[in-house]
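> how does the following fold in three dimensions:
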Amino acid sequence: MPKLSEIELGRNDILIPDIDDALIADFRRCAALMGRSVSDYVLDIVARGAVLPRERFADAYVVIPDDTP
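Prediction:
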């Protein structure tokens, strides 16, 4: 995962700066089971929660920076 200083966000990108490692592992596991990337999996969750069509996030990415120095 990228370091915060290496991130260039697009206008529709979502930055999740502080997230538990166990939750990231859950996202990875669920995404793999669905044959999706972690970014797509999280965007699916966001779209459902916001009650918006997933297509509204077509050009978006989820960025989770690495918290190691």
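> could you give the average pLDDT over stretch 8-21?
On average, the pLDDT along stretch 8-21 is 83.
> kindly report the same for stretch 58-69.
Mean predicted confidence for stretch 58-69 is 75.
> strands of the protein, residue ranges please.
14-15, 62-63 (DSSP state E).
> return the most buried member of those.
strand 62-63 (a mean of 19; mean count of other CB atoms under 10 Å). The C-beta positions use only the backbone N, C-alpha and C, and glycine is treated the same way.
> packing partners of that strand?
strand 14-15, helix 38-50 (3 or more CB pairs under 8 Å, 6 or more residues apart in numbering; DSSP states H and E).
> please repeat the previous calculation with a cut-off of 7 Å.
helix 38-50 (3 or more CB pairs under 7 Å, 6 or more residues apart in numbering; DSSP states H and E).
> what are the buried residues along the helix it packs on?
Val38, Ser39, Asp40, Tyr41, Val42, Leu43, Asp44, Val46, Ala47 (16 or more other CB atoms under 10 Å).
> ok, the residue nearest in space to the middle of the chain - contacts?
Nearest to the geometric centre of the chain sits Val62, at 3.0 Å (CA atoms, centre = their mean). Neighbouring residues of Val62 by CB atoms under 7 Å, 6 or more residues apart in numbering: Ile14, Ile16, Val38, Ser39, Val42, Leu43.
> right, and the strands of the chain - which one's nearest Asp21?
Proximity to Asp21 (CB to CB) singles out strand 62-63 among those, at 15.9 Å.
> direction included, what does the closest one pair against?
strand 14-15 (parallel) (DSSP bridges).
> circling back to that earlier point, can you put the buried residues of helix 38-50 in TSV and add pLDDT and distance to Asp21?
TSV is the format used below for the buried residues of helix 38-50 (pLDDT from 0 to 100; distance: CB to CB, whole Å):
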residue	pLDDT	distance to Asp21
Val38	90	13
Ser39	90	17
Asp40	92	20
Tyr41	92	17
Val42	91	15
Leu43	91	20
Asp44	92	21
Val46	90	20
Ala47	90	25
